[in-house]
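*Asks:* Here's my sequence, what's the structure:
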Amino acid sequence: MSAVAESTEGPAVVVEHLAPDGSSDEGGVTALLTLRDPRRRNAMSRALSDRLVEALDAVVADDRVRAVVVTGAADRGPAFCAGGDLDELAAIGASEGGDGETSIKAVYAGFLALAACPLPTIAAVDGPAVGAGINVALAADIRLAGDTARFEPGFLRLGLHPGGGMTWMTQRLVGQQTTLAMLLAGEGMDAAAAERSGLALRRVPGEMPETPVDPDGAATRSPVVVEALRMAAHSARAPRDLVVATKASVRATADLAEQRDAVDVEVGPQLESLHSPAFQAGLERVRRRG
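*Replies:* Numbering: from 1, shown residues only. Have a look, this model is predicted:
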């Protein structure tokens, strides 16, 4: 894989463009987005949320990008996202002005942008995903949990109501009973429990590297990030319009009651794909193997 990395100080989202092994420079890439705020264990502050929105806007505008993987920097041990920035939340609570709703929704903007992304998205979770950190993971299409992953709501313990759409997102994945157990009974989940409940697609075993950078200066990746990139490469090798159209159809058919209605949604983009150079190339590959 080839990579182009951007590093900054302070709350940041580090963006790397990774090409699948064996592909040409003209082919598609996966954008690996790493939440990075070591002092706060990648807590979702207004600044980090803004950086995430900016990073997602950039990768969506980049025609090379076919898929997105989101993870957290692990400078002081595994950490996905340690929830909302408590100092900022306290300041919003102490404010007597009328802009509290605007301020708190600005913190939500990052994971709402991830949820709205037209490209396939995968959250590679190492370490704690707390409160708003769970929202970041839930906003992705697919969640993979490393051995160190831990999903902790934490709202009730803080005397805080859940936000950012957590009650809606969690119920859609794991049902009302498990959602209430998490939010009202303090039931967190490790990687195995997240896999069993359907909160995560699967647990990815393996240890985190002791340091995120090897002696040559190259990034070393945890097993769950490696697996997320492997999965994303499938889309990275495909035409971007086909990837986007397929995700759009999955969303459009999610709540339909009849199969015939799903056929109506799919028929247009399927016919368009039949006329594409990618289909012709795929057909030739199959015929040559046959």
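*Asks:* Mind jotting down where the strands sit in this protein?
*Replies:* Applying DSSP state E to the chain gives strands spanning 12-18, 29-36, 65-72, 121-125, 128-130, 142-146, 150-152, 189-190, 202-204.
*Asks:* any idea which of those strands is most buried?
*Replies:* strand 121-125 (a mean of 30; mean count of other C-beta atoms under 10 Å). Every C-beta, even on glycine, is put in place using the N, C-alpha and C of the backbone.
*Asks:* what would the strands of the chain look like in a markdown table with distance to residue 259?
*Replies:* Formatted as a markdown table, those follow (distance: least, C-beta to C-beta, whole Å):
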| stretch | distance to residue 259 |
| --- | --- |
| strand 12-18 | 37 |
| strand 29-36 | 33 |
| strand 65-72 | 28 |
| strand 121-125 | 27 |
| strand 128-130 | 36 |
| strand 142-146 | 24 |
| strand 150-152 | 34 |
| strand 189-190 | 34 |
| strand 202-204 | 28 |
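*Asks:* just so I know, which of those lies nearest residue 79?
*Replies:* When those are compared by C-beta to C-beta, strand 65-72 sits nearest residue 79, at 5.1 Å.
*Asks:* elements contacting that closest one?
*Replies:* Judged by 3 or more C-beta pairs under 8 Å, 6 or more residues apart in numbering; DSSP states H and E, strand 65-72 is in contact with strand 29-36, helix 46-61, strand 121-125, helix 223-236, helix 240-253.
*Asks:* what's the most buried one of the ones you listed?
*Replies:* Stretch with highest mean neighbour count among the helices and strands packed on strand 65-72: strand 121-125 (a mean of 30; mean count of other C-beta under 10 Å).
*Asks:* Name the residues of stretch 270-281 that are buried.
*Replies:* Going by neighbour count (16 or more other C-beta atoms under 10 Å), the buried part of stretch 270-281 is residue 273.
*Asks:* Now find how far off-centre it is within its chain.
*Replies:* Distance of stretch 270-281 from the chain centroid (C-alpha atoms, centre = their mean, to the nearest Å) equals 29 Å.
*Asks:* related to what we said a few turns ago, now the strands of the chain as JSON lines including mean pLDDT?
*Replies:* JSON lines is the format used below for these (pLDDT from 0 to 100):
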{"stretch": "strand 12-18", "mean pLDDT": "97"}
{"stretch": "strand 29-36", "mean pLDDT": "97"}
{"stretch": "strand 65-72", "mean pLDDT": "98"}
{"stretch": "strand 121-125", "mean pLDDT": "98"}
{"stretch": "strand 128-130", "mean pLDDT": "96"}
{"stretch": "strand 142-146", "mean pLDDT": "98"}
{"stretch": "strand 150-152", "mean pLDDT": "97"}
{"stretch": "strand 189-190", "mean pLDDT": "98"}
{"stretch": "strand 202-204", "mean pLDDT": "98"}
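*Asks:* Please list all residues in contact with residue 160.
*Replies:* Residue 160 sits next to 89, 131 when contact means C-beta atoms under 8 Å, 6 or more residues apart in numbering.
*Asks:* Quick check: the gap between it and residue 93.
*Replies:* Applying C-beta to C-beta, to the nearest Å, the value for residue 160 to residue 93 is 9 Å.
*Asks:* again with residue 44
*Replies:* Shown here: residue 44 relative to residue 93, a distance of 16 Å by C-beta to C-beta.
*Asks:* who has more neighbours, these two?
*Replies:* Per other C-beta atoms under 10 Å, whichever of residue 44 and residue 93 has more neighbours is residue 44, with 30 against 10.
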